[in-house]
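Q: Sequence first, then the predicted structure:
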Amino acid sequence: MSTISTKTKSLVLGALLAIGFSAEAQTNSVSPYSRFGFGDPYPVSNARYLGMGGASIALPDGLNINFANPASYHNLELTTFNVGFEGSFIRQEQENPAISLINNRSGMRNLSVGVPLYDWWGSALALKPYSFKGYEISSERSMANDPSKTITDIFKGEGGLNSIIWGNSFAVAKGLSLGLNFNYLFGSLRESTTVNFSDFTFLDTRSDQESLIKGWFLNYGMSYKYTMSNDQFIALGAYFQNGTGLSSTNSSFQYTLDGTRALDTLIGGATSEGDFNLPSEFGFGLSYGKQTESALQAAWAINLDYESYSGSEFSSPLTYSPLVDGYKAELGGFFTPRYTFKNLERGTGFFNNTEYRFGAFYEKTPINISGTDLYNYGITFGLGLPIRQRNLAPGEYKVSTLNIGVIAGRRGTFENNLIREEYLSFYLAVTFNDKWFIEYKYR
């Protein structure tokens, strides 16, 4: 007789409804740099990997869903659910004029499930954010015919894209696996430009534009794991994401203002169809660690990733915000004391069974403003806190973990009168691992 926990299914359904209802209610980006491209891209990694600098392309993992590499899902030992949240604090500063302010963002960020269908086949499904757009920028200039009077330009943007990911991976030879992710993107990006005159003899103007975007793309992965005689392993991984066109319905609206009230329409209801071109990506990774027979994931590992983003391939049917090619290097690792140190292997204490994570990253973003490249770098920490399981039925096998990830980073520069952002991000996720389809035998 096969059983599946009704409580678990209800929990996942409730979380799915929560993320659906909260997606439009939250302002998920507060950065002027989200004006470029599709906005601020959101990391595909979950809280566990974010605590390791994001390095996970080559890491074999039996208890967590690794969307960074589509070839990873067959590693799952148990059915896995993950629900993740984020909270961030961002300090934004500019030198001339001297400005300093603190913003924040928060919300549900990850809902995913992975199933080991066979020893050679694993599958995973997720609903995740792909990008966020949210900014308000103002600049002031003098009127050409009267320098004593000014014009204030205000640029606003909001919205974002969500992604549904369905992935499958297959073990095709000893240690070698291949995988494929089907990604469906959907969402809207809204931007407006307002021109305010200090001379009240002129009417202010505003233009609004919105793009409803949808489309799909594929990314492909491979991984290879070689296990040595001392239970240590070395693993290689790589992925490629194809560039593709995303269809969009674009509407624009322009009108004059009296304060905040629209007086008349200059251009209204203009609608057009077009394509946003999604750039291609490539990444590869290396992982070195040690597996233990008594655990379903590595006792410790060190991971190194490199990713390349072809931002110059991006194009938009609307206001052109060009991107450039970028890259990202990530280094991270983890260890669980009980499985790492021989003198602690019999310890059953809470902290002895906690997984400790660390990492760092350095990124050249695909944003270049007036000849100045934008860099993003930081350090990361994380914990995997075991949740004790009680009252298990015979044959049941459950593992639950509270994953915590912390990123302290900096993006931007004061050069060329740009804005520097310093941020502290907290990621919290609960991972449930359960053995499905238990065969009970009676005599």
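A: Great, that's in hand.
Q: need the contact list for residue 214.
A: 184-186, 246-248 (CB atoms under 8 Å, 6 or more residues apart in numbering). In this view, the C-beta of every residue, glycine as well, is placed from N, C-alpha and C.
Q: now do residue 176
A: Under the criterion of CB under 8 Å, 6+ apart, the neighbours of residue 176 are 222-224.
Q: Can you name the residues bridging to it?
A: When assigned by DSSP bridges, residue 176 has beta-bridge partners residue 173, residue 224.
Q: Begin at 50, not 1, for the rest of this chat.
A: In the new count, where the first residue is 50, that last one comes out as residue 225.
Q: Now do the same for it: its pLDDT.
A: Looking at residue 225, its pLDDT is 97.
Q: what ranges do the strands span in the stretch 250-399 of the chain?
A: In the stretch 250-399 of the chain, the strands defined using DSSP state E, counting those that start in this stretch lie at 253-276, 281-290, 293-307, 310-327, 330-339, 349-358, 375-384.
Q: closest to residue 405 out of the ones you listed?
A: Residue 405 sits nearest to strand 375-384 of all the strands of the stretch 250-399 of the chain, at 5.9 Å, using CB to CB.
Q: tilt between that closest one and strand 330-339?
A: 20 degrees (axes from the mean of the first three to the mean of the last three CA atoms, to 10 degrees).
Q: Could you list every helix and strand in contact with strand 375-384?
A: If you count contacts as 3 or more CB pairs under 8 Å, 6 or more residues apart in numbering; DSSP states H and E, strand 375-384 packs onto strand 349-358, strand 404-418, strand 421-436.
Q: average pLDDT across the last one?
A: The reference is to strand 421-436. 96.
Q: now it and strand 404-418, what's the angle there?
A: Computed by the same axes, to 10 degrees, the angle between strand 421-436 and strand 404-418 is 160 degrees.
Q: do you know how far residue 436 is from residue 134?
A: Remark: distance between residue 436 and residue 134 (CB to CB, to the nearest Å) = 16 Å.
Q: Neighbour count: those two, which is higher?
A: Between residue 436 and residue 134, counting by other CB atoms under 10 Å, residue 134 is the more crowded of the two (16 against 13).
Q: wait, what's in contact with that one?
A: Applying CB under 8 Å, 6+ apart, we find residue 134 in contact with 155-159, 476-478.
Q: Give me the buried entries from those.
A: Applying 16 or more other CB atoms under 10 Å to the contacts of residue 134, the neighbour count classes 156-159, 476, 478 as buried.
Q: pLDDT below threshold where in this structure?
A: 50-78, 307-318, 368-369, 439-445, 485-492 (pLDDT under 70).
Q: CSV for the helices and strands packed on strand 375-384, including distance to residue 123?
A: Shown next, in CSV, are these (distance: least, CB to CB, whole Å):
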stretch, distance to residue 123
strand 349-358, 18
strand 404-418, 22
strand 421-436, 22
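Q: quick one, which of these is nearest to residue 142?
A: Of all those, strand 421-436 comes closest under CB to CB, at 14.6 Å.
Q: and after the closest one, which helix or strand comes next?
A: strand 447-461 (DSSP states H and E).
Q: What about the residue lying closest to residue 433 once chain neighbours are set aside, how many residues nearby?
A: In space, and not counting its chain neighbours, residue 433 is closest to residue 404: 3.3 Å by CB to CB, 6 or more residues apart in numbering. With neighbours defined by other CB under 10 Å, the count for residue 404 comes to 25.
Q: my guess is residue 404 contacts residue 432, does it?
A: Yes: using CB atoms under 8 Å, residue 404 is in contact with residue 432, at 6.8 Å.
Q: In a markdown table: the strands of the stretch 250-399 of the chain, plus distance to residue 427.
A: What follows is these, written out as a markdown table (distance: least, CB to CB, whole Å):
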| stretch | distance to residue 427 |
| --- | --- |
| strand 253-276 | 25 |
| strand 281-290 | 23 |
| strand 293-307 | 30 |
| strand 310-327 | 26 |
| strand 330-339 | 18 |
| strand 349-358 | 15 |
| strand 375-384 | 10 |
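Q: Looking at the ones you listed, which is nearest to residue 99?
A: strand 375-384 (9.2 Å).
Q: dump the residue contacts of the nearest residue to residue 438 once chain neighbours are set aside.
A: Nearest non-adjacent residue to residue 438, counting by CB to CB, 6+ apart: residue 447, 4.7 Å away. By CB under 8 Å, 6+ apart, the residues touching residue 447 are 438, 441, 481-484.
Q: and what of residue 116?
A: Residue 116 is in contact with 93-95, 161, 173, 175, 177, 214, 216, 230, counting by CB under 8 Å, 6+ apart.
Q: List the beta-bridge partners for residue 295.
A: The partner residues for residue 295, given DSSP bridges, come to residue 325.
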